[in-house]
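> Predicted model and sequence follow; I will ask about them next.
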Amino acid sequence: MDRKLKALKKPGIMWGFSQAHSDRFARNLLWKETLSFPYSVKSSRSMKYIIIITFGLFFCHRMDIKNSSSTTRCKYYPACDEPSLVLGTGHHSDPTSLAILYQDQLGGLEHVVEPCPDALVINVGDTFMSCLHRAVVNESMERKSMAFFMNPREDKVVNK
Ligand SMILES: O=C(O)CCC(=O)C(=O)O
Ligand SMILES: [Fe+2]
């Protein structure tokens, strides 16, 4: 824990370690730890393929990958004796253009569609349209997930 606290997120800064987002409204306590770090996609062929396969060429042109600014977020949800009283990540849509989510074999991501085991979930974020989801925790096993969020650069205007 000492090492995690060394990377503690500072107010106003997006990167670092944080525990539950207690400043966010939620009826249930959020039960997780998060490590966020920046990632800049300069020219990523694999990212282009993912976007084209998932959403098609038209959408890919509008994503402007070279001018994006991205975040990777690793989440750790400890086992919880009372999972009905907590949420891993509360209901939300992603405030990004695109999110690529990977979860471990435990499942727990609750989405409009049931995520397939071993598959990435690719969400279109609020820049274009919203898609509500949340993550729950497990009574006996810890859960891990990783999300890659792609945003337009702050100085870019996006036409919906
Ligand atoms: O942990 C998960 O499976 C989902 C996380 C999530 O939706 C998010 O970080 O935006
Ligand atoms: Fe999300």
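In hand now; what should we look at? Numbers count the residues shown, from 1 in each chain. Ligands and ions are numbered 1, 2, ... in the order given.
> ok, now how distant is Y49 from ligand 1?
23 Å (Cβ to the nearest ligand atom, to the nearest Å). Where C-beta positions appear, they are placed from N, C-alpha and C, glycine not excepted.
> sec struct for that residue, please.
helix (DSSP: H, G, I helix; E, B strand; the rest coil).
> Just give me how far the least confident helix or strand in the chain by mean pLDDT sits from the chain centre.
Least confident element among the helices and strands of the chain, by mean pLDDT, DSSP states H and E: helix 57-63 (a mean of 74). Remark: helix 57-63 is offset 21 Å from the chain centroid, using Cα atoms, centre = their mean, to the nearest Å.
> What helices and strands are in contact with it?
Judged by 3 or more Cβ pairs under 8 Å, 6 or more residues apart in numbering; DSSP states H and E, helix 57-63 is in contact with helix 45-55.
> list the buried ones in the helix it packs on?
47, 50-51, 55 (16 or more other Cβ atoms under 10 Å).
> and it, what's its mean pLDDT?
Per-residue pLDDT over helix 45-55 has a mean of 81.
> Return the least confident helix or strand of the chain as CSV; C-alpha atoms alone will do.
Below are the C-alpha coordinates for helix 57-63, written out as CSV (Å, rounded to 0.1, in the frame of the first residue of the first chain):
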residue,chain,number,x,y,z
LEU,A,57,-14.3,3.1,-42.0
PHE,A,58,-16.5,6.2,-41.7
PHE,A,59,-16.2,6.3,-38.0
CYS,A,60,-12.5,5.7,-38.1
HIS,A,61,-11.9,8.8,-40.2
ARG,A,62,-13.8,10.8,-37.6
MET,A,63,-11.8,9.5,-34.7
